[in-house]
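# Below: sequence and its predicted model.
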Amino acid sequence: MNNIHDFYNKMEEGNIMLSFKGEVTSDLLTSILQIMESKMETLDEPPKIKKKVYNILVECLQNLYHHIDEDDKQTKSNENSALFMIRKVDGEYSIMTGNYMAEGNVELMRGRLDRINAMDRDELKLYYKEVLNNGEMSAKGGGGLGMIDIARKSGKKLEYNFEPIQDGFSFFSLNVKVAQ
């Protein structure tokens, strides 16, 4: 039982506001958003930063919910499993997500993220409009706007990593930083 106290201390030291690991459901997303809305209300932050963090959080959680690979659902240990964490350090929020991804989808995602990260604010705005107007939908039903929107709202480059795991899967980690 001493380990749980160590874990608690590490979360405190890391300024973790909320952390979750497990199956992602629509009910869970609703609960997380309600919890974070309450937490954000208690913080002495300008309304603009609260709104920015909340909107990016919504996008990140929707990505987790809608874009967990169908292939992941067929693996026994990874079924709909994802990780979510939000922390605040030195006035900057970090919204971190992680989920399993079929290895065959990694290069496409890496290409999209690199393209987004190569753009400045104006280019992102134009790219968002282009993707919105092209009418193309992904296999998941989205047009690829989520990551573009996250980059636009955060005003920062998206930090990401793909860690090869096993059996044709990688673990995709995303860290979105939000500052005032």
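That came in fine, so what should we check first?

# Let's check: the centremost residue of the protein is which one?
By Cα atoms, centre = their mean, the chain has its centre lying nearest to C60, at 3.5 Å.

# Check which element follows the least confident helix or strand in the chain by mean pLDDT along the chain.
Lowest by mean pLDDT, DSSP states H and E among the helices and strands of the chain is helix 70-73, with a mean of 48. Toward the C-terminal end, the helix or strand that comes next after helix 70-73 (DSSP states H and E) is strand 81-89.

# quick one: secondary structure of L174?
Counting by DSSP: H, G, I helix; E, B strand; the rest coil, the backbone at L174 sits in strand.

# rewinding a little: let me know the pLDDT of the residue nearest to the centre of the chain.
Looking at C60, its pLDDT stands at 92.

# mind listing what it touches?
F84, I95, T97, I150, L174, V176 (Cβ atoms under 8 Å, 6 or more residues apart in numbering). From N, CA and C alone the C-beta is placed, and that goes for glycine too.

# Now do the SS call for it.
helix.

# Ok, T30 next?
helix.

# Any regions of this structure where pLDDT drops low?
Scanning the chain for pLDDT under 70 picks out the ranges 1-2, 67-80, 135-143.
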